[in-house]
Structure formats: structure tokens, C-alpha cells
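Novice: quick one: sequence and predicted model below, then my questions.
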Amino acid sequence: MNVWALLVPPLVVTDEEIARCCQVLGEVAAGSARRPRVVPGGAVRIFTGANVPPGADAVVLVEETEERDGMVTIRA
């Protein structure tokens, strides 16, 4: 199961939706030694079997998000 590890960002409210947006900081594959630190407003994609990187306080299923132009939008 692929997920985004993140620090929970503030809500963005528009007339059409309520969402949370994060900047993509990188990714971690299973067995990888990479440990990018998650910072406020950032998200790291972690693949099945990979460790959650330091600094993350939540994970969100990739299927519940949209990635575009280096940003991840989490649908609320």
C-alpha cells in the first residue's frame, strides 16, 4: 500500500472543496536507506514496506490524493 507521509498541513477552503496541500519532498522505496525528513507543509511518498520518514505525524493513502506540479492535494 503506497502512502504519503506528512506533517498535517492547514486546510485550504474554496467554494468547490476543502483540501490540504503539501509540497512533494521525495520518496522512499522498500529497503531504501533514504530517510528524508518531513518538514511542515511537506510530504514524502513511501512505498509498501518502506519506513515512515522522521518528522511525519500522519500518513494518507495515495488513492486519496492528487499529485500535480510538485504538490500533493489531500481530499478531505
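Specialist: On my side now, so go ahead. Residues are numbered from 1 along each chain as shown.
Novice: packing partners of the helix or strand hosting V60?
Specialist: Mapping V60 onto the secondary structure by DSSP states H and E places it in strand 58-61. Secondary-structure packing of strand 58-61 (3 or more CB pairs under 8 Å, 6 or more residues apart in numbering; DSSP states H and E): strand 3-6. (Glycine included, C-beta is placed from N, CA and C.)
Novice: low-confidence bits of this protein, can you list those?
Specialist: Judged by pLDDT under 70, the chain has its weakly predicted residues at 9-19, 76.
Novice: give me the number of residues near the residue nearest to V39 when sequence neighbours are not counted?
Specialist: Spatially, and ignoring its direct neighbours in sequence, V39 is nearest to G55 (6.3 Å; CB to CB, 6 or more residues apart in numbering). For G55, the count of nearby residues is 17 (other CB atoms under 10 Å).
Novice: can you list the strands that the longest strand belonging to the chain pairs with?
Specialist: In the chain, taking DSSP state E as the definition, the longest strand is strand 18-28. Strand 18-28 sits in its sheet next to strand 11-13 (antiparallel), strand 42-46 (parallel), strand 71-75 (antiparallel), going by DSSP bridges.
Novice: so which of the ones you listed is the most packed in?
Specialist: Burial of these is given as mean neighbour count (mean count of other CB atoms under 10 Å); strand 42-46 ranks first at a mean of 26.
Novice: need the CA coordinates for that one. PDB is fine.
Specialist: Presented in PDB, the C-alpha positions along strand 42-46 are these (Å, rounded to 0.1, in the frame of the first residue of the first chain):
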ATOM      1  CA  GLY A  42       5.900  18.800   3.000                       C
ATOM      2  CA  ALA A  43       5.100  15.200   2.100                       C
ATOM      3  CA  VAL A  44       7.200  12.200   1.200                       C
ATOM      4  CA  ARG A  45       5.800   9.300  -0.800                       C
ATOM      5  CA  ILE A  46       6.500   6.000   0.800                       C
END
